[in-house]
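A.B. asks: Below is the sequence, then the predicted model.
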There are 2 protein chains.
Amino acid sequence: MSFDKKEITKKSENISEWYNDVVLKAQLADYGPVKGTMIIRPYGYSIWENVQNILDRMFKSYGVKNAYFPLFIPMGFLNREKSHVEGFSPELAVVTIGGGEKLQEPVVVRPTSETIMYDTYSKWIQSWRDLPLLINQWNNVVRWEKRTYLFLRTTEFLWQEGHTAHATEKEAIEMQTKALEWYQTTYENYYAMPVITGRKSEKEKFAGAKTTFTVEALMPDGKALQACTSHNLGQNFSKAFNISFQNKEGNNDFVWQTSWGFSTRSLGGLFLTHGDDQGLILPPKIAPTKIVIIPILGKEDEKILDYAKKIKEILESSSSEFPGGIEIWDESWKTFGFKNNEAELKGIPVRIVVGLKELENRSLTVKTRISIEDKNSFEIILDKAGVEVDHLLSKVQNQLFKNAKKFLDENTHTIDSYDEFKKIMATKRGFIKALWCEDANCEAKIKEETKATTRCLSFDTKEENGKCIYCGKDAKYRWYFAQAY
Amino acid sequence: MSFDKKEITKKSENISEWYNDVVLKAQLADYGPVKGTMIIRPYGYSIWENVQNILDRMFKSYGVKNAYFPLFIPMGFLNREKSHVEGFSPELAVVTIGGGEKLQEPVVVRPTSETIMYDTYSKWIQSWRDLPLLINQWNNVVRWEKRTYLFLRTTEFLWQEGHTAHATEKEAIEMQTKALEWYQTTYENYYAMPVITGRKSEKEKFAGAKTTFTVEALMPDGKALQACTSHNLGQNFSKAFNISFQNKEGNNDFVWQTSWGFSTRSLGGLFLTHGDDQGLILPPKIAPTKIVIIPILGKEDEKILDYAKKIKEILESSSSEFPGGIEIWDESWKTFGFKNNEAELKGIPVRIVVGLKELENRSLTVKTRISIEDKNSFEIILDKAGVEVDHLLSKVQNQLFKNAKKFLDENTHTIDSYDEFKKIMATKRGFIKALWCEDANCEAKIKEETKATTRCLSFDTKEENGKCIYCGKDAKYRWYFAQAY
């Protein structure tokens, strides 16, 4: 396994080839043998474990509890909510043989768990005392795909799906909003990705939802990534699955529900956003390895290795807001250059080089994976290493966000002419903020003519008195449009 | 949802009805809609999360890394290792329809991941530098079952499966042994379950393994539970999947492999072992809620609730080796008796009762879920609560182990007469240690006549000069026999 950077396509030349090269070479993932499936390798999986920790803590501190519902759903369950089954039917994997026998009723491999969970909720919920019911599960789901785009589009993916039931719609909307806040925090504070949050159009909302809230991110090729969603299901499923309860006044009512999910797809967005021609770039708050120490071996190896270990001890004993590990790469069969390339390819935020010079100076040379104030090499005194290296990690984290924010701002276009809309979508793309009358016909025509779909009505949108960019009829709100992954 | 203990069958009367009652009423699990499947409810799942933490820490500290391989395996992969496919064929769930179309090659829902992982290992491993490869995954697997026995036998279950590749058989056996040590520690130190560890017979070993090591536990009805296993796969799979490497001497060789798994089945063993007529009993080291504080409400509610909160604070601020939570159950719509029953049913190790008496005495009344030195109620001074309650939790943990060990010892019979063997298996059951010639015919006959199978050759077995309990021919070792779950 080599880490020759020449084997990586340049990001600016062909971003999707660059992406595949980086994901494979940095050992984040590999293709599975069944079409559309993916193997998440240890390095990629350890990033997902970090994400799980971040979100799981948020969920639990709010009172959400983890559970596990079965992988297999009776075919009949999906049919109970009309728009839900219409949305998912084309993507289903169906088990027809079990234990050597043809099954009387085929079972579906879950594409999402609304139906199987809510069938059970109807047994668990009888009274307001059983509410709110706040359940999450970390699991695998399957939506049949013919082409794999590693992390971004795979037949099977990993995610969490939260499913809650409430006594009032107000509470359900609070939950829907809270979930989106968790997701936004995860993207902005951990993934270092600025995002747009808002509401989906009727056409783009989840199959079975009353409203869908979404987090949308802009990728370097100007396409949007639907980064995760949170749904107010209203009483659509509770009526279909008969989840009723006696309220405090003694009357029967159907519960109000939400569902919300965050998946391994998000990692694709993370890799696309920050990477460069040298490979991956991981934000320090989410990097499994935040620091790698590379000794320059040659003369006085033992002294240099001892010094590297001392540095590791000092860094580990200093308090840090970054959970990742610190590694020393001391294998003698890899050259110094090879290790540097590997550290860059794997996107390790900070690299520490120690040789004779550093040993003599009681210092360390710190290289940051991206430039901080136009520099990416810093000499630091050993005595101050703990604080200073952490400080550099903070700067890398912030700089990554700033760079992505600059890109987002520069590629968000407020447009009032449909000609310009078409021109932008045919060239540099990006987000377009345009007035839309909210008629599904205009939305469909725009998609047909420009490949751009409505991404969301951002939560911070102000009402305007204008005309729809497509049909010229009255339009109150400026929606986000983009071509999407 | 009521917690009326009268609804629970007595454990001594019918242990399998008792078990189902407790699992359902204590809200550990529920039946899934597809035959053979199970829903793990939040209370049950939080125990599994504790187990995951315990094992995951052990794995990682040894250098094992987590990854994720796909759910779907091409049918052809299973056929490559002959005994493997023979072992698993009768239990497979097969997907024949994907995305609305009949699949050209049906895919199997993984019953275990040897084949799909090792196909990939052959691409990842080229040189001794790539070894050892130590990978684990936490996932769901499917083995078709028609009858569900909650946790103990379900079509889908959760587990971890470790899969390693090594340069020498010696290293592989060290890994196989290490995994079994982790499992034994988990059972004995956390589950408070004494276990027998040893090697499986040729008939009972894993389909495709060279040797299988096992952890065996004895359930209160005298039946054995195969609690988890660890396999030395030799070069069986590496030859079938062509996983070869260049060793340090420059020669090509096939890798030596192990696999090892620990599943949600273990929780069934935990519940069966310790529970009593009042419900579940959870060892403090694994209980999600280690302490529940139940205030006696009536007069001076506010003072009592404040006092309960103060107790909680003191207990939480004191250092403790028990990770579980501390809850105050202050809902006014549940009676004190109801809460007591609920705490017992859910097996919470320690219950603290606070009323006016305790408030006046600046004390707390601590009830342990099982008797400690013939007592289960202790009055403790508030000032010493932190240390003393933790001390009681330790005592509960140790007492549970002692009780189970006493049962194991009393129900392990060293037998030299086949008549007695038959009599024991027809009545009280338990483990029988008997000399066996290691001929598969004798093993099969014994099973046919007594329903007892060989469980293992315990690692601490001494060589003897004796005769097989069945055929009378020479036999060197005394094997464990039992009827098994």
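C.D. replies: Now that the structure is in, tell me what you want to look at. Given the structure is predicted, the values throughout are model-derived calculations rather than measurements.

A.B. asks: quick one: contacts for the residue nearest to A:H84 when sequence neighbours are not counted?
C.D. replies: In this structure, A:H84 finds its nearest non-sequential neighbour in A:G208, 3.7 Å apart by CB to CB, 6 or more residues apart in numbering or on different chains. (Glycine included, C-beta is placed from N, CA and C.) Contact analysis of A:G208 by CB atoms under 8 Å, 6 or more residues apart in numbering or on different chains lists A:E81, A:S83, A:H84, A:G87, A:E114, A:H231, A:L233, A:N236, A:F237.

A.B. asks: Name the SS class of A:G208, please.
C.D. replies: coil (DSSP: H, G, I helix; E, B strand; the rest coil).

A.B. asks: Ok, A:K334 next?
C.D. replies: coil.

A.B. asks: what about it, neighbour count?
C.D. replies: 16 (other CB atoms under 10 Å in any protein chain shown).

A.B. asks: which bits of the stretch 151-300 of chain A sit near chain B?
C.D. replies: Proximity of the stretch 151-300 of chain A to chain B is confined to A:T155, A:E156, A:L158 under the rule CB under 8 Å from any CB of the partner chain.

A.B. asks: Got the domain ranges for chain A?
C.D. replies: A:5-274, A:289-391, A:412-482 (automatic domain parsing).

A.B. asks: So which of these is nearest A:Q399?
C.D. replies: domain A:289-391 (5.8 Å; CB to CB).

A.B. asks: so how far is that closest one from its chain's centroid?
C.D. replies: Taking the mean of its C-alpha atoms, domain A:289-391 sits 29 Å from the chain's own mean (CA atoms, centre = their mean, to the nearest Å).

A.B. asks: which residues does the closest residue to A:S127 other than its chain neighbours contact?
C.D. replies: Distance criterion CB to CB, 6+ apart; nearest residue to A:S127, sequence neighbours excluded, is A:Q246 at 5.0 Å. Listed by CB under 8 Å, 6+ apart, the contact partners of A:Q246 are A:Q126, A:S127, A:W128, A:N252.

A.B. asks: and which of the residues you listed is nearest A:D56?
C.D. replies: Lowest distance from A:D56 to the contacts of A:Q246 (CB to CB) belongs to A:W128, with 27.7 Å.

A.B. asks: and the residue of the stretch 201-350 of chain A at minimum distance from chain B, how many residues sit next to it?
C.D. replies: Chain B sits closest to A:W333 of the stretch 201-350 of chain A, with a gap of 6.7 Å, by CB to the nearest CB. By the criterion of other CB under 10 Å, A:W333 has 7 neighbours.

A.B. asks: List the residues that contact it.
C.D. replies: B:R129 are the contacts of A:W333 under CB under 8 Å, 6+ apart.

A.B. asks: Relative to A:L297, how far out is it?
C.D. replies: A:W333 sits at a distance of 11 Å from A:L297 (criterion: CB to CB, to the nearest Å).

A.B. asks: go on, A:F401?
C.D. replies: Distance from A:F401 to A:L297, by CB to CB: 36 Å.

A.B. asks: Could you check which of the two has the larger neighbour count?
C.D. replies: Neighbour count, other CB under 10 Å: between A:F401 and A:L297, A:F401 has more, with 19 against 16.

A.B. asks: Which strands and helices lie in contact with the strand or helix carrying the more buried one?
C.D. replies: Using DSSP states H and E, A:F401 sits within helix A:385-410. When contacts are defined as 3 or more CB pairs under 8 Å, 6 or more residues apart in numbering or on different chains; DSSP states H and E, helix A:385-410 packs onto helix A:265-274, strand A:289-295, helix A:301-317, strand A:350-354, strand A:363-372, strand A:375-381.

A.B. asks: What are the phi and psi values at the residue of the stretch 201-350 of chain A closest to chain B?
C.D. replies: Backbone geometry at A:W333, expressed as degrees, to the nearest 10, gives phi -90, psi 0.

A.B. asks: Just the buried residues of the helix or strand of chain A with the lowest mean pLDDT, please?
C.D. replies: The weakest-scoring helix or strand in chain A, judged by mean pLDDT, DSSP states H and E, is helix A:82-88 (a mean of 86). Using 16 or more other CB atoms under 10 Å in any protein chain shown as the test for burial, helix A:82-88 gives A:H84, A:V85, A:G87, A:F88.

A.B. asks: Was I right to think A:E438 contacts A:R478?
C.D. replies: No. If you go by CB atoms under 8 Å, A:E438 and A:R478 don't touch, sitting 11.5 Å apart.

A.B. asks: quick one, which of these two is more surrounded?
C.D. replies: A:R478 (22 against 17).

A.B. asks: okay, the helix or strand harbouring that one in CSV with CA atoms only?
C.D. replies: Assessed by DSSP H and E, A:R478 sits inside strand A:477-482. Coordinates of each C-alpha in strand A:477-482 appear next as CSV, following Å, rounded to 0.1, in the frame of the first residue of the first chain:
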residue,chain,number,x,y,z
TYR,A,477,-40.3,34.2,0.0
ARG,A,478,-36.9,33.8,-1.4
TRP,A,479,-36.0,30.0,-1.5
TYR,A,480,-32.7,28.3,-1.8
PHE,A,481,-32.2,26.5,-5.1
ALA,A,482,-29.3,24.3,-6.2
